[in-house]
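Asker: mind folding the following:
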Amino acid sequence: MYQTITSEISDGVAVLTLNRPAVMNALTTVLRQELLHALGAAQVAARVIVLTGAGRAFCSGQDLADTGGLDAFDVERVLNEEYVPLLQAIHDCPLPVIAAVNGAAAGAGANLALACDVVIACESASFIQAFTRIGLIPDAGGTYWLPRQIGMARAIGACLFAEKVTARQAADWGMIWECVPDDAFAAHWRGRAAALARGPALAYAGVKQALRGSFDRDLAAQLALEARLQGACGQSADFREGVAAFLEKRPPVFEGK
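Answerer: Numbering: from 1, shown residues only. Here you go, the predicted model:
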């Protein structure tokens, strides 16, 4: 069905794999279109989405061979028309989205990972804001995510010096959720995804909605949103099941979508 990605859905987990290993899964117009389509399809059929890469890299960023020549490459148009819809779809997705970073994540590839809800990286992975090396500023949401995740001092340093940040360093900084030894990586992220797929979908959607926009709301607005979302969760079958399971000292069995 797809030329540049693969999509596998099993037991509520959709695994979307960037599949251009010969070029470290560099991003093209077609790949962005296919990934956007696959994200939409996965929301209907799955309860959690995992984004990962084929081969030795997660994603090396924009494929400069896919520009039609630098003189013809309208960077602003490509960002607005191709990157923004994809990043917004990840941000707005009601399902948990995990980035399983299996290797190098550079440029827009790094920021594609950081746009996801949870980033799990293997120990040999790395992140690099490589943009200034070719005379550009970070894009694909990098200037938005980095200051929020690691603070302004580290964000500016990472962007100006364009130095590699190891997965261990990224975890220590709070850029990603966790760094996992390479030999345990695949089993670990699959276990994490499976656990989320068994969880309370409405609560997960509410967590994302409340946290994602919290920097843009004042305290009163945030408290009001919490109350509204919690009210919906409190009326759900998942809440009743969670309480019953707690009282009966058993694992909860939450409803599917």
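Asker: show me where pLDDT drops low in the stretch 151-257 of the chain?
Answerer: 256-257 (pLDDT under 70).
Asker: let me redo that: the stretch 1-150 of the chain
Answerer: 72.
Asker: show me the strands in it, by range?
Answerer: 5-10, 13-18, 48-53, 57-59, 97-101, 104-106, 118-122, 126-128 (DSSP state E, counting those that start in this stretch).
Asker: can I get the CA coordinates of the fifth one in PDB?
Answerer: Looking back up the chat, that one is strand 97-101. Only the C-alpha atoms of strand 97-101 are listed here, as PDB (Å, rounded to 0.1, in the frame of the first residue of the first chain):
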ATOM      1  CA  VAL A  97       2.100   8.200  20.100                       C
ATOM      2  CA  ILE A  98       5.500   6.600  20.900                       C
ATOM      3  CA  ALA A  99       8.700   7.400  19.000                       C
ATOM      4  CA  ALA A 100      10.900   4.300  19.200                       C
ATOM      5  CA  VAL A 101      14.200   5.900  18.100                       C
END
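Asker: run a quick neighbour tally on Arg148.
Answerer: Each residue near Arg148 was counted by other CB atoms under 10 Å, and the total is 12. No exception for glycine: its C-beta is placed from N, CA and C like everyone else's.
Asker: okay, now the closest residue to it other than its chain neighbours: neighbour count?
Answerer: Spatial nearest neighbour of Arg148, excluding adjacent residues (CB to CB, 6 or more residues apart in numbering): Phe215 at 6.6 Å. Phe215 has 10 neighbours, counted by other CB under 10 Å.
Asker: what do you get for Thr4?
Answerer: 19.
Asker: can you check Gln88 too?
Answerer: 13.
Asker: can you check which of the strands of the stretch 1-150 of the chain gets nearest to Leu86?
Answerer: strand 48-53 (10.6 Å; CB to CB).
Asker: these two touch, right, Ala57 and Asn25?
Answerer: Yes. Ala57 is within contact range of Asn25, at 5.7 Å (criterion: CB atoms under 8 Å).
Asker: and those two? Which one has more around it.
Answerer: Using other CB under 10 Å as the criterion, Ala57 and Asn25 rank with Asn25 on top: 31 against 23.
Asker: beta partners of the closest residue to the more buried one other than its chain neighbours?
Answerer: Nearest residue to Asn25 in three dimensions, chain neighbours excluded: Leu18, at 3.8 Å (CB to CB, 6+ apart). Leu18 has these beta-bridge partners by DSSP bridges: Ile5, Gly53.
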